[in-house]
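Trainee: need the 3D shape of this:
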Amino acid sequence: MLDFLREHPRAPIFRNESGNRLTASEVECVRAFEDEVLAARVGWMPGGEPDWVGDFLAGSVADVPFYRAYGSAPRRLADCPTISRADLSRDVAQFVPDSVPVARLINFRTSGTTGHPLLLASHPVVAASYLAFHRRALRRFGIELQHGRGQVGVVLLGLQRKCFTYVSVTPTRNESGLAKINLHPNDWRDPADRAAYLDALAPEVLAGDPISFAELLTLPVTLRPRALLSTSMTLLAGLRGRLEARFGCPVLDLYSMNEAGPIAVADARVGGHVLLQPRIYVEILDAAGRAVTNGQRGEVTLTGGFNFCLPLLRYRTGDFASLQRVDGEPVLMGLEGRPPVRFRTMTGEWVNNIEVTHAIQRLAIPQFALHQFSDGGLRLQLAGAGTEAHAATEILHGLFGMAQSIRVEAEANFAGKVVQYTSDLASAAP
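Mentor: Numbering: from 1, shown residues only. Here you go, the predicted structure:
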């Protein structure tokens, strides 16, 4: 399978190597976890908390250095301080439990589309466990995964000038193939190979973000996936409709983040995003950290999670919604996630907002925001960037052209969540 994926005559230039890193016993553990997640009920009694929260709170305060600084465990979760992305970005090691062996830790580096770029602790078992929640989301739409040995299960799509790409297999799906590819023409010997390679792989599921899916619509592919999974950014209804019409399959809009994995999936039948994780508890808080009344909008705040390397206690996500119950299920209504934005260069080429993040992430900038005006000019707002303003301007000139108008504004800090990428251009949203 790996030879087929790598050595196909129309294959892209793969830039990296990666693999599942699971031991045989861990494969069985992940399979058991998938069965548990698929069978579990997600939810809690109105006005209460899940019965596991108390033990989780006590265990986290005892085992996690950051939470241990609270002193004794509060009697109620509501008495705990909230934490944010800024806390994780300062020193993520303080959030790794003492009991977790460090020898096999891995990390995820987020793109930082909502503020602080993060390096997050994880483990091969945690990475493999994402599939459990994807399967739960797919099952909601009547889809049971079938591809196994000798077939390609998933192709992950990106569209960036520089993208982490690799091939692997999924042991819990009997070694079915997995490929992460970049649809940007720079990663291909011939841009026409993109459609030919995707058709040759014929994956059961395609995953990506709205920007990569918009590029997919321009390719003459004939493949018929059973589902498309959209993550990382808000999927606009118009693009979802075009994708469903083109590929004849459901397009799932997943609310997911590296800090917590797949959290919810949009379901038009209930009017919002249905929670996917049985071991995550959602509070909706106001600016002061108080729970809002039922049905009111506030900040989505998470406790729990399946990443045993990063237990979360009242983590403020920076996303906003109301929480309502529909047929006994907790549903996030009116969720405001991270919108996809692209920027126009001096030559008329479009630049993905993730490319801006990748280009600028090497700088010591705690937070930044980029806006493009209707005349094409850019405004770069920097908070706590010190002497990095000149370097950031040079990087943007490298992306957009030396003649690009760039106005840099220094901010003492940003109030609340950063809406990091915005544009006045009508075509900025794919």
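
Trainee: just give me the neighbour total for Q146.
Mentor: 11 (other C-beta atoms under 10 Å). Glycine gets a C-beta too; all of them are placed from N, C-alpha and C.

Trainee: residues contacting it?
Mentor: E204, R226 (C-beta atoms under 8 Å, 6 or more residues apart in numbering).

Trainee: tell me which helix or strand it sits in.
Mentor: Under DSSP states H and E, no helix or strand contains Q146.

Trainee: next one: it, what pLDDT does it get?
Mentor: Q146 carries a pLDDT value of 97.

Trainee: so G272 bridges to which residues?
Mentor: G272 has these beta-bridge partners by DSSP bridges: D267.

Trainee: and the gap between it and E259?
Mentor: According to C-beta to C-beta, to the nearest Å, G272 and E259 sit 21 Å apart.

Trainee: who has more neighbours, these two?
Mentor: G272 (23 against 20).

Trainee: thinking the more buried one is in contact with Y255, fair?
Mentor: No - if you go by C-beta atoms under 8 Å, G272 and Y255 don't touch, sitting 9.9 Å apart.

Trainee: what residues do the two have in common as contacts?
Mentor: Residues touching both G272 and Y255 (C-beta under 8 Å, 6+ apart) are A266, L332, L335.

Trainee: I'd assumed F108 was in a strand, is it?
Mentor: Yes - under DSSP: H, G, I helix; E, B strand; the rest coil, F108 falls within a strand.

Trainee: against E349, how distant is it?
Mentor: In terms of C-beta to C-beta, F108 sits 29 Å off from E349.

Trainee: who's more crowded, those two?
Mentor: The neighbour count for F108 versus E349, taken as other C-beta under 10 Å, is higher for F108 (16 against 12).

Trainee: how about that one: which residues does it bridge to?
Mentor: According to DSSP bridges, beta-bridge pairing links F108 with L120.

Trainee: ok, now which ones touch it?
Mentor: Listed by C-beta under 8 Å, 6+ apart, the contact set of F108 reads L119, L120, S122, N258.

Trainee: mind putting those residues into a markdown table with pLDDT?
Mentor: Output for those, formatted as a markdown table (pLDDT from 0 to 100):
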| residue | pLDDT |
| --- | --- |
| L119 | 90 |
| L120 | 94 |
| S122 | 96 |
| N258 | 90 |
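
Trainee: tabulate those residues (TSV), appending neighbour count and distance to V300.
Mentor: Converted to TSV, these look like this (neighbours: other C-beta atoms under 10 Å; distance: C-beta to C-beta, whole Å):
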residue	neighbour count	distance to V300
L119	13	22
L120	22	18
S122	19	21
N258	17	15
